[in-house]
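# sequence and predicted structure, then a few things I'm wondering about:
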Amino acid sequence: NAGVTQTPKFQVLKTGQSMTLQCAQDMNHNSMYWYRQDPGMGLRLIYYSASEGTTDKGEVPNGYNVSRLNKREFSLRLESAAPSQTSVYFCASILAGARNEQYFGPGTRLTVT
Amino acid sequence: AQKVTQAQTEISVVEKEDVTLDCVYETRDTTYYLFWYKQPPSGELVFLIRRNSFDEQNEISGRYSWNFQKSTSSFNFTITASQVVDSAVYFCALRGIGDSGAGSYQLTFGKGTKLSVIP
């Protein structure tokens, strides 16, 4: 099992450019999440997908869109990147069940200039 | 609303010292889960432990131990005889089982404590 994979690992964008961050899990998990991590801020939830076909906003959704393509894949799109979106992005997934831990991908380091 | 506070932003200790990382939480839910994650310098997030709100037993795993006290809403993490490999950012997180959307299983994270163990 690869667990949770994310592509790309690093990306530099210019202000106004768009891009999609990809996330896939091979653990047959139901719920998937996108977080951003900024220095001194911990991890903040951007969007999540409780199950295939559903998506919901988290704490900081502005400037992002998501797609739950199928049970395995959950992508995060920046339509018009801004310097404030410079961050490390983590995807996570969980098997249904409140006691279960989230499994995290390795992260994508995004810089917007 | 849920909140997790890790008041210690950064801690430095000398190798072999013991160190305790504090975590205080707020939730209105009567059923909830608490988690600790480790983020080493390589950047990945590693799950360490979970605890549910009905289980106040302390847990020990090797050099790691966790003290859960409902009365003070705290879930503190102690590393005994610290080692350089313990240098990392440690996150405490909370999942309340209340009015979250069904199946959301969201986590609320603290801001993390950066631990540096000096040889």
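Sure, I can see it.
# give me the contact list for stretch A:105-113.
A:3-15, A:17, A:21, A:23, A:37, A:78, A:81-92, B:43-44 (CB atoms under 8 Å, 6 or more residues apart in numbering or on different chains). Placement of C-beta: from N, CA and C, glycine included.
# hmm, try it at 7 Å
For stretch A:105-113, contacts defined as CB atoms under 7 Å, 6 or more residues apart in numbering or on different chains pick out A:4-6, A:8-15, A:21, A:23, A:81-83, A:85-92, B:43-44.
# same question for stretch B:51-71.
Here stretch B:51-71 has contacts from A:99, B:30-34, B:49, B:75-81, using CB under 7 Å, 6+ apart.
# what does stretch A:12-25 give?
A:3-7, A:11, A:32, A:72-83, A:89, A:91, A:93, A:105, A:108, A:110-113.
# same thing with stretch A:42-61?
A:30-37, A:64, A:66, A:68, A:70-71, A:74, A:76, A:90, B:91, B:101-104, B:106, B:109-112.
# contacting residues around the closest residue to residue A:97 other than its chain neighbours?
Counting by CB to CB, 6 or more residues apart in numbering or on different chains, the nearest residue to residue A:97 once its immediate chain neighbours are dropped is residue B:105, at 7.7 Å. Going by CB under 7 Å, 6+ apart, residue B:105 touches A:31, A:94, A:98, B:95.
# okay, and the beta partners of residue 11?
Went with chain A since none was named. Here residue A:11 sits in beta bridges with residue A:110, as judged by DSSP bridges.
# sorry, should have said chain B
Assigned bridge partners for residue B:11, using DSSP bridges, are residue B:115.
# distance from the chain centre to stretch A:36-52, please.
7 Å (CA atoms, centre = their mean, to the nearest Å).
# strands along chain B, start to end?
B:3-5, B:10-14, B:19-21, B:24-26, B:32-39, B:46-52, B:59-61, B:64-69, B:74-79, B:88-96, B:108-109, B:113-118 (DSSP state E).
# what about residue B:85, how many residues close to it?
8 (other CB atoms under 10 Å in any protein chain shown).
# in space, what's closest to residue 8 - neighbours in sequence excluded?
Reading this off chain A. residue A:108 (6.1 Å).
# you looked at the wrong chain, it should be chain B
Nearest one to residue B:8, counting by CB to CB, 6+ apart, is residue B:113 at 4.7 Å.
# got the confidence number for that neighbour?
At residue B:113, the model reports a pLDDT of 97.
# repeat that for residue A:75.
In this model, residue A:75 carries a pLDDT of 98.
# residue ranges with poor pLDDT in chain A?
Along chain A, segments meeting pLDDT under 70 are nowhere present.
# geometric centre of it: which residue is closest?
residue A:34 (2.8 Å; CA atoms, centre = their mean).
# quick one: contacts for it?
A:46-47, A:66, A:76, A:89, A:91.
# could you check how far the nearest residue to residue B:14 once chain neighbours are set aside is from residue B:13?
Distance criterion CB to CB, 6+ apart; nearest residue to residue B:14, sequence neighbours excluded, is residue B:118 at 5.2 Å. Residue B:118 sits at a distance of 7 Å from residue B:13 (criterion: CB to CB, to the nearest Å).
# just to revisit the earlier point, tally of neighbours for the residue nearest to residue B:14?
Neighbours of residue B:118 (other CB under 10 Å): 11.
# again, but for residue B:29
Residue B:29: 15 neighbours (other CB under 10 Å).
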